[in-house]
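A.B. asks: starting from these lines, generate the structure:
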Amino acid sequence: MNGIEWGNLIYLGLLLAMILSWFVAQNRRSLGKLAQQALAWGLIFVGVIAAIGVWDDIRQTIVPSQGVLTETGQIEVPRARDGHYYLTLVINGKPVDFLIDTGASQVVLSHSDAEHLGLVTPDLAYTGRAMTANGEVRTAPVRLDSVELGPVLDRNVRAWVNEGEMDKSLLGMSYLQRWNRIEITGNALVLSR
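C.D. replies: Residues are numbered from 1 along each chain as shown. As a prediction, the model looks like this:
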């Protein structure tokens, strides 16, 4: 735990001690009533902690994390809690999660996603170079037979396999430029064809 977390823990402990002290002082004569109130406050405290712990799960249930096809045929991608936009595309028949990255010029697959798609073979040639926030990495060009996003199907899409560590594959401008219009409105990124 870092300093802020320790500080929060100490603060909550002192707050709980103060509340318990007040209960004891106010209810010295009726310990049964004191026990009931302490139990009630304890359950409220546990409930609040539980709600905080599962808030991300609740939020993901309420707010979809995948693009939604609108009545006008647009793909609407909600902004994630971290401020980024994420999509799951079906690549060669298999789902792959992507971070939409307008700063990336190409579609870049993480090594693990490329393995999942069966693209990592002994003859994969890492001849390209890319500059990332973590420095220079080697990349290998590949062709994706099919890329599906909702009802939209693209064939023969060029991509790169990143030899370095990546948390998510990147959906860069070479794919996004296939769309007629890209806009950010409110808390959503909208793709139109």
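
A.B. asks: so what's residue 129 bridging to?
C.D. replies: residue 138 (DSSP bridges).

A.B. asks: that one contacts residue 141, correct?
C.D. replies: No: using C-beta atoms under 8 Å, residue 129 is not in contact with residue 141, being 11.9 Å away. C-beta: built from backbone N, CA, C; applies to glycine.

A.B. asks: tell me which of those two has more neighbours.
C.D. replies: The neighbour count for residue 129 versus residue 141, taken as other C-beta atoms under 10 Å, is higher for residue 141 (14 against 9).

A.B. asks: which element, helix or strand, includes that one?
C.D. replies: Here residue 141, judged by DSSP states H and E, is contained in strand 135-149.

A.B. asks: then residue 49?
C.D. replies: helix 31-53.

A.B. asks: what mean pLDDT does that helix have?
C.D. replies: Averaging pLDDT along helix 31-53 gives 83.

A.B. asks: helices or strands up against that helix?
C.D. replies: Packing partners of helix 31-53 (3 or more C-beta pairs under 8 Å, 6 or more residues apart in numbering; DSSP states H and E): helix 3-26.

A.B. asks: quick check: angle from the helix it packs on to helix 31-53?
C.D. replies: Helix 3-26 and helix 31-53 are oriented at 160 degrees to each other (axes from the mean of the first three to the mean of the last three C-alpha atoms, to 10 degrees).

A.B. asks: what comes up buried for helix 3-26?
C.D. replies: residue 23 (16 or more other C-beta atoms under 10 Å).

A.B. asks: quick revisit: only alpha carbons, please: show the helix holding residue 49 as PDB.
C.D. replies: What follows is helix 31-53 as a C-alpha-only set of coordinates in PDB (Å, rounded to 0.1, in the frame of the first residue of the first chain):
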ATOM      1  CA  LEU A  31     -25.700  -2.100  26.500                       C
ATOM      2  CA  GLY A  32     -28.300  -4.100  24.500                       C
ATOM      3  CA  LYS A  33     -29.300  -1.000  22.600                       C
ATOM      4  CA  LEU A  34     -25.600  -0.100  22.100                       C
ATOM      5  CA  ALA A  35     -25.000  -3.500  20.600                       C
ATOM      6  CA  GLN A  36     -27.900  -3.100  18.200                       C
ATOM      7  CA  GLN A  37     -26.700   0.300  17.000                       C
ATOM      8  CA  ALA A  38     -23.100  -0.900  16.700                       C
ATOM      9  CA  LEU A  39     -24.300  -3.800  14.600                       C
ATOM     10  CA  ALA A  40     -26.300  -1.400  12.400                       C
ATOM     11  CA  TRP A  41     -23.400   0.900  11.900                       C
ATOM     12  CA  GLY A  42     -21.100  -2.000  11.200                       C
ATOM     13  CA  LEU A  43     -23.400  -3.300   8.500                       C
ATOM     14  CA  ILE A  44     -23.700   0.100   7.000                       C
ATOM     15  CA  PHE A  45     -19.900   0.400   6.900                       C
ATOM     16  CA  VAL A  46     -19.400  -3.100   5.400                       C
ATOM     17  CA  GLY A  47     -22.100  -2.300   2.800                       C
ATOM     18  CA  VAL A  48     -20.400   1.000   1.700                       C
ATOM     19  CA  ILE A  49     -17.000  -0.800   1.400                       C
ATOM     20  CA  ALA A  50     -18.600  -3.600  -0.600                       C
ATOM     21  CA  ALA A  51     -20.300  -1.100  -2.900                       C
ATOM     22  CA  ILE A  52     -17.000   0.700  -3.500                       C
ATOM     23  CA  GLY A  53     -15.300  -2.600  -4.200                       C
END
